[in-house]
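In: the sequence isn't on hand, but the structure is:
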């Protein structure tokens with residue numbers, strides 16, 4: 001079978017290479033209307049002979065027969081559309097071994113609906129499908145949310161290759177796909193692919209994992225990073241910065257509700273959020289879940305926060321300053337951190353909303369003449385300040401809750417000008433200033 005270029009107006013209709021040589025139809029051409037399996041309704045044959053009524057076409061110059069062929073093809077095309085649209089309320093069958101099939105095997109129909117955008121990401125992360133596999137049900141909600149975002153990129157790739165089964169993917173194709181993303185995105189998408197390929201192996205539709213091939217290794221960075229180096233510079237927060245951010249949050253009305261009476265208010269919970277992140281070296285996603293009755297405890301004669309760190313999973317007790325404890329007691333809320341309107345943040349669902357409030361606070365600080373600081377660097381600031389004050393690295397790890405001090409030394413403790421000045425003074429190169 002081949003496509004005849006002599007009849008371009010017939011599109012991609014399939015024409016046999018031979019002429020009929022026997023019977024009443026000797027010397028005529030046979031044209032076939034081909035229907036792919038993925039488009040074929042129930043009861044349709046793979047090919048339909050055209051024209052449907054005799055006499056048959058005698059060649060490219062038989063214009064009357066060509067008109068009949070075009071009319072029959074248009075009627076078949078219309079019938080094909082009607083046949084497919086009649087079952088629109090029924091979800092289409094998913095190709096076995098393809099990415100959508102594996103996604104549904106992993107997290108159930110709800111996960112596939114969230115990846116395709118028919119279900120919100122937060123709903124799928126907080127309320128997993130009970131028909132999902134245990135690996136998906138045992139994930140934390142934030143992990144599910146991250147997987148869903150990564151699976152959307154995988155779904156886009158699957159659509160571009162017509163939902164080809166993963167058994168047809170080669171390590172070279174996987175490598176070229178992963179190289180389209182930044183290193184951080186690449187890691188997340190690779191983790192999602194690893195889960196899908198593992199399920200494919202368990203279901204018996206994949207023999208060799210494409211991620212394990214020699215050609216699946218991603219391209220190396222042109223500029224090698226020094227051990228312990230970071231992609232971006234870290235600017236440590238000073239206590240002046242912390243006080244200024246808290247002052248702006250308490251005094252500047254920069255937030256207004258979308259419903260009801262529209263008036264701008266200050267963010268009292270923002271001041272508590274900033275001081276908690278600075279004093280405990282915790283992330284905002286940890287701080288937003290703390291409750292006054294559960295996490296504020298007294299040990300060794302001091303009141304502080306007792307919590308399990310999200311990054312390391314280590315239980316930690318951090319004493320708080322009197323100023324921060326006074327703000328917490330005066331707030332009167334059940335949760336330590338509330339939004340500008342006094343409502344608590346719901347984990348996972350309100351992560352983006354809280355980040356938006358923090359960005360607004362950053363903009364208000366810059367308008368007031370303050371310095372733009374990055375909230376994620378507060379953890380590094382706490383570790384660096386502790387070392388500047390003479391605390392050994394083995395003790396600093398109790399603040400950051402790492403198992404050893406190697407992580408503090410390589411990542412979290414930044415180069416301090418105060419320490420280098422002290423070194424030069426001890427070497428006798430500079431004199432202490434009076």
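Out: In hand now; what should we look at? Small disclaimer: the values here were computed from a predicted structure and weren't measured.

In: once you drop chain neighbours, what's closest to residue 189?
Out: Spatial nearest neighbour of residue 189, excluding adjacent residues (Cβ to Cβ, 6 or more residues apart in numbering): residue 150 at 4.8 Å. C-beta coordinates here come from the backbone N, C-alpha and C atoms, glycine included.

In: my bad, residue 205
Out: The nearest residue in space to residue 205 (Cβ to Cβ, 6+ apart) is residue 97, at 4.0 Å.

In: which ones are touching that neighbour?
Out: Contact analysis of residue 97 by Cβ atoms under 8 Å, 6 or more residues apart in numbering lists 165-167, 200, 203, 205-206.

In: separation between the residue lying closest to residue 308 once chain neighbours are set aside and residue 307?
Out: Nearest non-adjacent residue to residue 308, counting by Cβ to Cβ, 6+ apart: residue 315, 5.3 Å away. For residue 315, the distance to residue 307 equals 7 Å [Cβ to Cβ, to the nearest Å].

In: same check, this time on residue 135
Out: For residue 135 relative to residue 307 (Cβ to Cβ), the value is 27 Å.

In: and residue 131, by the same measure?
Out: Per Cβ to Cβ, residue 131 is found 34 Å from residue 307.

In: comparing these two, which shows the higher neighbour count?
Out: Between residue 131 and residue 307, counted using other Cβ atoms under 10 Å, residue 307 has the larger neighbour count: 21 against 14.

In: now that one, nearest residue through space, not along the chain?
Out: Ranked by Cβ to Cβ, 6+ apart and with sequence neighbours excluded, the top spatial neighbour of residue 307 is residue 295, at 5.5 Å.

In: just to check, the one you found is in contact with residue 306?
Out: Yes: contact criterion Cβ atoms under 8 Å: residue 295 and residue 306 qualify, at 5.9 Å.

In: name the member of the contacts of residue 97 with the most neighbours.
Out: Most surrounded of the contacts of residue 97: other Cβ under 10 Å gives residue 200, at 24 neighbours.

In: mind checking the SS state of it?
Out: At residue 200, secondary structure determined by DSSP: H, G, I helix; E, B strand; the rest coil is helix.

In: quick one on the thing from earlier: quick one, what contacts the residue nearest to residue 189?
Out: If you count contacts by Cβ under 8 Å, 6+ apart, then residue 150 has 185, 188-189, 191-192 around it.

In: again, but for residue 257
Out: residue 341.

In: any idea how far the most centrally placed residue in the chain lies from residue 289?
Out: With distances taken as Cα atoms, centre = their mean, the residue of the chain nearest its centroid is residue 149 (3.0 Å). Distance, residue 149 to residue 289, using Cβ to Cβ: 21 Å.

In: what ranges does the stretch 51-200 of the chain have for its helices?
Out: Using DSSP state H, counting those that start in this stretch, the helices of the stretch 51-200 of the chain run over residues 63-85, 99-116, 121-126, 134-137, 141-160, 171-178, 183-203.

In: want to throw those into JSON lines with mean pLDDT?
Out: Output for the helices of the stretch 51-200 of the chain, formatted as JSON lines (pLDDT from 0 to 100):
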{"stretch": "helix 63-85", "mean pLDDT": "76"}
{"stretch": "helix 99-116", "mean pLDDT": "92"}
{"stretch": "helix 121-126", "mean pLDDT": "89"}
{"stretch": "helix 134-137", "mean pLDDT": "91"}
{"stretch": "helix 141-160", "mean pLDDT": "90"}
{"stretch": "helix 171-178", "mean pLDDT": "88"}
{"stretch": "helix 183-203", "mean pLDDT": "90"}
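
In: most tightly surrounded among these?
Out: helix 99-116 (a mean of 22; mean count of other Cβ atoms under 10 Å).

In: just checking, what packs against that one?
Out: helix 121-126, helix 134-137, helix 141-160, helix 183-203 (3 or more Cβ pairs under 8 Å, 6 or more residues apart in numbering; DSSP states H and E).

In: residues of the longest strand along the chain that come out buried?
Out: Using DSSP state E to define each element, the chain has its longest strand at strand 302-308. Neighbour counts over strand 302-308 (16 or more other Cβ atoms under 10 Å) mark 304-305, 307 as buried.

In: wait, doesn't residue 353 sit right on residue 343?
Out: No: Residue 353 is not in contact with residue 343 according to Cβ under 8 Å; the separation is 10.1 Å.

In: can you confirm residue 48 is in a strand?
Out: Yes: the assignment for residue 48 by three-state DSSP puts it in a strand.

In: bridge partners for it, pull those for me.
Out: residue 33 (DSSP bridges).

In: neighbours around it, how many?
Out: By other Cβ under 10 Å, 15 other residues sit near residue 48.

In: OK, contacts around it?
Out: 32-33, 35, 76.
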